[in-house]
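> generate a structure from the sequence data that follows.
(chains A, B, C and D)
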Protein chains: 2
Amino acid sequence: MNIGEIARLAGVSRSTVSYALSGKRPVSDDTRRKIQQVVDELGYRPSASARALANGRTRTLGLVFPPAGNHYTGMQLDFIGSVVEAAAAHDYDVLLSPSGVDSDRSFQRLLGERRVDGAILMEIRLADDRVDHLAALGFPSVTIGRTARPEGGWWVGLDHTALAKACVQHLADLGHHRVALVNRPEQLLRAGYESAHRGLEGFTKAAAERGLTVRTYACGDDAASGQTCVQRILHDDPATTALVTLNEAALGGLYRGLAQAGRHVPRDFSVTGVVAGRWAETVTPQLTAADVPAAEMGRLAVDLLVERLDHPDAAPRQHLLAPPISLRASTGPAGAPPGAAPTADAVPRTAF
Amino acid sequence: MNIGEIARLAGVSRSTVSYALSGKRPVSDDTRRKIQQVVDELGYRPSASARALANGRTRTLGLVFPPAGNHYTGMQLDFIGSVVEAAAAHDYDVLLSPSGVDSDRSFQRLLGERRVDGAILMEIRLADDRVDHLAALGFPSVTIGRTARPEGGWWVGLDHTALAKACVQHLADLGHHRVALVNRPEQLLRAGYESAHRGLEGFTKAAAERGLTVRTYACGDDAASGQTCVQRILHDDPATTALVTLNEAALGGLYRGLAQAGRHVPRDFSVTGVVAGRWAETVTPQLTAADVPAAEMGRLAVDLLVERLDHPDAAPRQHLLAPPISLRASTGPAGAPPGAAPTADAVPRTAF
DNA sequence: CACTTCACGCGAACCGGTTCGACGACCGGC
DNA sequence: GCCGGTCGTCGAACCGGTTCGCGTGAAGTG
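Below you'll find the model as predicted:
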């Protein structure tokens, strides 16, 4: 069943059917009605491929994310979900592409074969050949995250530096002096992941400003690594009283490691970090954290991309977000000497 | 840059270029080399739309999942990730469709506009109009999950009945008599979600066989609901000593609710359920659970679908999985009277 | 009544591939 | 020297839409 069939049954030409359906030229009410009736009867829908071929637009967006091996974080899930829903609201489909490096097959399919009108890139690196490549091509894309030189690009980003700083300052205000940073895996640091580097930078600067003694750790994206990481932290400096995590997937393991070492959160150890809100609330005590507004970021990225597609000459736009820390129950004042009487219950508190 | 341009530069006809690239007809070595050289120089890749239009195959698979609002579970994430990777291995792209009901817009786009060669459906309901619709159309699809009448379909499923039974038996073996079931949300139960219903059935049957006293609860897909749910459970029957959860997203909240009520896991309360392995390990104590092999299921679903696409007349195939319970640290013997001396530490044990 | 104006609808070309039938060149055999 | 068969290539049709330019008939105008 194609447009020719509809035309035949409605007794008009193919072009008339096309115009009646698209509204790009006026069609008399009579013919429009007749055509619509036939279309409804047969449940006709124009072929996406043919349409894409004819007018060069696929009405599909590409969502490029790292090959991931097996470790997706909750944050990524939130991004994916919100991107898909926002795209649907704009009448776009989303094509998923597990793509790492510039030259890989998946990426070539997306661009070279013109499967998508535009792309959203996740997990940006400070020096990111994918971004450079797309910019050179002038291909419409929006990144979730910023490279080292984000000027003139289209992106929605998180101010990881400010977020990590805020975490440190929060801990310093509570009187903590010896603080550890739990970062993303070594391998991602080496690859230059933005969040890991900017977060590290903010952490280090803020610690220096406040005169804290700090150590930083790379940690695998899973619970077991988190547990091991806490062991290393407490082994390297048993006087550590707080940590900041940029690693969401390790969070459960961090808590477990602390429990195992006999440190009660938040009574004698404080935990905070940069984590998507939904996941900060699944642990007990709930995590005081700079909540990553993943859903909002996904939506904004789609909005930007759609705008860019609709107005090819529009000036680049960006959104830099810096959500405030949400106070929950995983941080508390430092200084309770080990062995002192318990001062608070482990049950969540709603405020400080 | 299109196939005509390549043909011109190589001094041959368009059809020869097509044959040289596809290998569907022999082409002399000389011309093939010449063509390949031009293709490489210009970095030519054939347009996916044009190709799809010409031969009717898009090399794209649709992944249909519920609109989800804002609540995606970790399990769904694992499905999505593994489906995308498995599809890439077969040289297919994946189109995401947040689609609930049969007649909705997203679903129509996928099928009506012929955007995909086949579809994978998630979150199956016992009576699922999407499945019926696809079956009636003869559209190649594979479901992750089974309807009430799965015979003759293509699917990969989990034996939720057996899994829930195994959980109950495990608890019964440990001496628990009063056990609660934490199910998926009320709304999903009403909609007839397979996992919720089959799991409930297995739970109820096994409990009857073992003579247990049980209560069942519907619970929202988030931590806060889990916490509330535990409160209800302990309010309704304070003598409850164990629970089985089919609700992965509520898990963190369940733990919190128990801690808040002063029940120590596993010393005086046991928790088990049906949860993806990765997520069972993020909580402390780690969850003894029937691990949902989400990654494997995604891969199997893609394999089945690709096979079905390659052999349109092949007989339907299925995979019913029933992974064993992984013993971790969240269950223990019942009967330690309240106030008795602690018998075990909360730290994970590796075996019973 | 002749002449413009406008509204509608038609045919053809085009998007960029694939595929089928045919044709010419070259080969060996008789 | 003619014939039959292979091999390699070409032209044309086709997939199913969109879009441009034009023709036609009815309505409006002087």
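> that's a helix at A:Gln286, yeah?
No: if the criterion is DSSP: H, G, I helix; E, B strand; the rest coil, then A:Gln286 is coil and not within a helix.
> which ones are touching the closest residue in space to it that isn't next to it in sequence?
Setting aside the residues directly before and after it, A:Gln286 is nearest to A:Arg328 in space (C-beta to C-beta, 6 or more residues apart in numbering or on different chains), at 3.9 Å. All C-beta atoms are positioned from the backbone trio N, CA, C, and that covers glycine. Shown in contact with A:Arg328 (C-beta atoms under 8 Å, 6 or more residues apart in numbering or on different chains): A:280-281, A:285-289, A:348.
> if you set the cut-off to 6 Å instead, what comes out?
A:Arg328 makes contact with A:286-288 under the criterion C-beta atoms under 6 Å, 6 or more residues apart in numbering or on different chains.
> bridged to the residue nearest to A:Met75 when sequence neighbours are not counted, which residues?
Nearest non-adjacent residue to A:Met75, counting by C-beta to C-beta, 6+ apart: A:Ala276, 4.6 Å away. Beta bridges link A:Ala276 to A:Val292, judged by DSSP bridges.
> quick one: A:Ala276 and chain B, what's the gap?
With distances taken as C-beta to the nearest C-beta, to the nearest Å, A:Ala276 is found 11 Å from chain B.
> please apply the same query to A:Ala259.
To chain B, A:Ala259 is 6 Å away according to C-beta to the nearest C-beta.
> just confirm that residue is within a helix.
Yes: counting by three-state DSSP, A:Ala259 is part of a helix.
> any idea how far it is from DNA strand D?
Counting by C-beta to the nearest atom of the strand, to the nearest Å, the gap between A:Ala259 and DNA strand D amounts to 61 Å.
> now that residue: closest residue in space that isn't a chain neighbour?
That would be B:Thr284: by C-beta to C-beta, 6+ apart, it lies 5.9 Å from A:Ala259.
> check A:Leu304 too.
Distance criterion C-beta to C-beta, 6+ apart; nearest residue to A:Leu304, sequence neighbours excluded, is A:Val142 at 4.7 Å.
> ok, A:Leu234 next?
A:Ala261 is the one closest to A:Leu234 (C-beta to C-beta, 6+ apart), at 5.3 Å.
> backbone phi and psi for that neighbour, please?
Main-chain dihedrals, A:Ala261, degrees, to the nearest 10: phi -80, psi 0.
> so the lowest-mean-pLDDT helix or strand in chain A, near chain B or not?
The weakest-scoring helix or strand in chain A, judged by mean pLDDT, DSSP states H and E, is helix A:105-112 (a mean of 86). Yes: using C-beta under 6 Å from any C-beta of the partner chain, helix A:105-112 comes into contact with chain B via A:106, A:112.
> now A:Phe269. Nearest residue, chain neighbours left out?
In space, A:Phe269 is closest to A:Arg263, 4.0 Å off (C-beta to C-beta, 6+ apart).
> surely that neighbour meets A:Ser270?
No: at 9.9 Å, A:Arg263 and A:Ser270 do not qualify as touching, with contact defined as C-beta atoms under 6 Å.
> helices of chain A, residue ranges please.
Ranges of helices in chain A, per DSSP state H, are A:3-10, A:14-22, A:29-42, A:48-55, A:74-89, A:105-112, A:129-137, A:160-173, A:186-191, A:194-210, A:223-236, A:251-260, A:277-280, A:294-310.
> nearest to B:Leu158, of those?
Smallest distance to B:Leu158 across the helices of chain A (C-beta to C-beta): 20.2 Å, for helix A:74-89.
> determine the set of other helices and strands touching that closest one.
Contacts defined by 3 or more C-beta pairs under 6 Å, 6 or more residues apart in numbering or on different chains; DSSP states H and E place helix A:74-89 against strand A:270-276, helix A:294-310, strand B:93-98.
> one more time with 7 Å
strand A:60-65, strand A:93-98, strand A:270-276, helix A:277-280, helix A:294-310, helix B:74-89, strand B:93-98 (3 or more C-beta pairs under 7 Å, 6 or more residues apart in numbering or on different chains; DSSP states H and E).
> re the thing from before, what sits opposite the residue nearest to A:Leu304 in the beta ladder?
Applying DSSP bridges, one finds that A:Val142 bridges with A:Ile120.
> distance of it from B:Gln36?
35 Å (C-beta to C-beta, to the nearest Å).
> and what of A:Leu246?
Per C-beta to C-beta, A:Leu246 is found 47 Å from B:Gln36.
> who's more crowded, those two?
A:Leu246 (27 against 13; other C-beta atoms under 10 Å in any protein chain shown).
> per-residue confidence for the closest residue to the more buried one other than its chain neighbours?
Nearest residue to A:Leu246, sequence neighbours excluded (C-beta to C-beta, 6+ apart): A:Gly199, at 4.4 Å. pLDDT recorded at A:Gly199 is 98.
> now A:Val347
Predicted confidence (pLDDT) for A:Val347: 41.
> against chain B, how distant is A:Met122?
To chain B, A:Met122 is 13 Å away according to C-beta to the nearest C-beta.
> give me the neighbour count for that residue.
Per other C-beta under 10 Å, the neighbour tally for A:Met122 reads 20.
> is it true that it touches A:Ile144?
Yes: A:Met122 lies in contact with A:Ile144 (C-beta atoms under 7 Å); the separation is 4.9 Å.
> sorry, back to before: check contacts around the residue nearest to A:Leu304.
A:120, A:154-156, A:301, A:304-305, A:308 (C-beta atoms under 7 Å, 6 or more residues apart in numbering or on different chains).
> that one and chain B, how far apart?
For A:Val142, the distance to chain B - C-beta to the nearest C-beta - is 17 Å.
> in TSV, list the helices and strands packed on helix A:74-89 along with distance to A:Ile233 and mean pLDDT.
Formatted as TSV, the helices and strands packed on helix A:74-89 follow (distance: least, C-beta to C-beta, whole Å; pLDDT from 0 to 100):
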stretch	distance to A:Ile233	mean pLDDT
strand A:60-65	30	93
strand A:93-98	33	91
strand A:270-276	11	96
helix A:277-280	20	90
helix A:294-310	27	96
helix B:74-89	26	89
strand B:93-98	39	91
